Structures are given as structure tokens and as C-alpha cells.
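*Asks:* Next comes the sequence, and after it the predicted model I'd like to discuss.
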Amino acid sequence: MKTLRVGIVGSGNMGRRHARAYGYHARAELVACCDIVSCAAQSLADEFGCTAEATFDAMLARDDIEAISICTIEPAHLDAVLKTAAAGKHILLEKPMAMNMDEALEMKQAVEDGGIKFMVAHLFRFDQRCAETKQVIASGKIGEVVSVDCRFHGTPHQQDRIKNSELSIFVFRGCHGIDLMRWYTGSEVVRVYAESLDGQLRQGGYQSEDAVFCLMRFASGAVGSIEVNSHVPAGHPTAGQSSMTVMGTKGMIEQDLNTPWLTVSDGNGIVRSQGNQKDLWFREEIDAFVHHVLDGGPNIATSSDGIAALEISLAAAKSARMNQPVEVFT
């Protein structure tokens, strides 16, 4: 049985989640990890039974590694992707793809030139509740999608990864919802209008808004709305909310990703469908990546998907700064 031998760069929270998921996979082997904080890499290596390399270059030089999970902070994505592509290794890149469009397009060119298999870790696409929502829409059960409403609420602490970068909370977390909205509608966003709230994050040293509220128009005619908010108090039992409502001409789908089901309503009543729990999302994501690399399976989240989500979220952040609508050209 063919095994995909992988390395992880970035040994923090996301790196550990990737490591855990690789450990569950029968056809994947975590060989090595690295981090600019050496003790973080050693801690991950000790927990998951791999080697902690002193540098990223040392890990890339290993002939026994075929693919890399890039789990660094966003400002380090470009350099990591370019080096990994130059080393001829396949890539699973954490979202958001890049800090700006120029970086994202440079990444896309590099992996295409190098013949590298490249998947963006837009996690929600791999969750079975979201996959089932896509299947229900495709079946025609709720008719034509006319609107999608999305809410991502979290605590200030959940934004810590962007504290030392010039990255909007909407780019950091909103890209999840935007990616799903594109996927569900099967259409591109053509225009956005956003408003934002500033306050406690900037006071705490972040370079981001506290919250962004965005309306968007799709090429299909559908309308979307998305709110990304960091005002959830630390004592909240689920530390926030991730929910979506998809309205169609014949019915609707409700997703609350803090629960293990989704609700489908049409003229025949309501059906609640059991879905996977959060702990399985990363396992589904890693399985899709392994299948893509080893078997030529479908790329569930391509570089073009990552670029589109980034462009739309950057446009929304720009709209909030300018207080006017912004056209999108994905």
C-alpha cells in the first residue's frame, strides 16, 4: 500500500491538528516537523512520533518527504510555498491563502510551473454537513439558491494568530464563509458592500477590525450576507457561533456548526440529518489531500478557490474602509 510521507512547517495549533489527522490516516506517515520556535517543533515531534528538524530548509532537503502541510502564520505562506514548490514537494496550505493577491498569484504560478499538487485547507468543504448541504442543493430539493446568510462569531482570543500581522479579521475568518457561499451558489461574487466596527482588537494591539458586516451580489443574481465578529465573551459555552442559512425557491437549509446536524426544510416538511463532529473535519481534509496526491483524486479546494475567497474578502475589507461598494473581478 502506497504511503504519503509528509512534513509539517508550523508546529502551533494548526500544525498539531494536521499532525493528529495524519496519525489517524492509514496511508500517511508524518516524518518531520519544524518551527521557528524550536521547542514548539520538539513538542509536536515528541507527541506524534516524528523528527523535529532545526530548519525548514533541512526538512525540505529530506528525500523521504513527498508533501508538506504549511501551517505557519499567514505572512510566512509565500516563502514557504515557493520553497516547497522548488523542492518538488506537494502542498496542503492553511487558509487564508495569502496576505494579498500578488502573493496568491505568485504561489499559483509557482505550483503550476513545478507540477505540484496544491490544495488549500478550506476546512469547511471537508465537513460532512457542508458536503451534504452541497449535495442537497445539487439535487434541486430546495430549488434555485436565492440567498445565503452566514455568521462567524468568536472570542478576541481566537484571533491571536493575526495579532502581529496586517490582516483583517474578515480575511482571516470570513474566507471560510465566502468559500462556502461560492461553493453552494456555484456562482462568483461581483460586488460587495461592507461596514465594520473598530475597538477592542486595535486597543489590544491587533491591526484589525472587531467585526465586519458584508452584503454581496453573485453573478447568478443571488444575494449573500456574512458577519464576522470577535465580541463573543470568553465564558461562552461554545466560544462562538458558526452558522449558515441557504434559502432556495423551494426550501431552505440551516447549518449550525456547533451541532452535529443540519436541517433541510421544503414543502414536504423538515428533515434533520446527522453529520460529522468537529473533531473529524481535519481527518476528512487530510484524507482528501492524501487521495488527491496518491490516487489523482479530485482537488476539493484548488488554488483558484483560495484566490477567489481571498479576493472577495479583501474587497470587503476595502469596502468597509472606503464606505462604498466594491466591484469584484474573480
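*Replies:* Yes, it's here. Everything numeric in this text was worked out from a predicted model, so none of it was measured. Residues are numbered from 1 along each chain as shown.

*Asks:* helices or strands up against the strand or helix carrying F213?
*Replies:* Element membership for F213 (DSSP states H and E) is strand 211-218. Applying 3 or more CB pairs under 8 Å, 6 or more residues apart in numbering; DSSP states H and E, one finds that strand 211-218 contacts helix 169-172, helix 174-185, strand 189-197, strand 223-229, helix 303-322. Quick note: C-beta positions are derived from backbone N, CA and C, even for glycine.

*Asks:* could you dump the shortest one to PDB, C-alpha only?
*Replies:* Extracted in PDB, the C-alpha atoms of helix 169-172 (Å, rounded to 0.1, in the frame of the first residue of the first chain):
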ATOM      1  CA  ILE A 169     -10.400  39.600  10.700                       C
ATOM      2  CA  PHE A 170     -12.700  39.300   7.700                       C
ATOM      3  CA  VAL A 171      -9.800  37.900   5.600                       C
ATOM      4  CA  PHE A 172      -8.700  35.600   8.400                       C
END
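
*Asks:* Please state the offset of that helix from the chain centre?
*Replies:* 11 Å (CA atoms, centre = their mean, to the nearest Å).

*Asks:* got a list of contacts for that helix?
*Replies:* Here helix 169-172 makes contact (CB atoms under 8 Å, 6 or more residues apart in numbering) with 74, 96, 159, 161-162, 194, 196, 201, 208-212, 214, 228, 230, 310, 313-314, 316-317, 320.

*Asks:* Try it again at 6 Å.
*Replies:* 96, 159, 162, 208-209, 212, 228, 313, 316-317 (CB atoms under 6 Å, 6 or more residues apart in numbering).

*Asks:* In contact with the residue sitting nearest the centre point of the chain, which residues are there?
*Replies:* Residue closest to the mean C-alpha point of the chain, counted by CA atoms, centre = their mean, is H122 at 2.9 Å. Taking CB under 6 Å, 6+ apart as the contact definition, H122 lies against 95, 179, 301.

*Asks:* Quick one: those as CSV, columns for pLDDT and neighbour count too.
*Replies:* Converted to CSV, those look like this (pLDDT from 0 to 100; neighbours: other CB atoms under 10 Å):
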residue, pLDDT, neighbour count
K95, 94, 24
D179, 96, 26
A301, 97, 27
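
*Asks:* Fine by me, thanks again.
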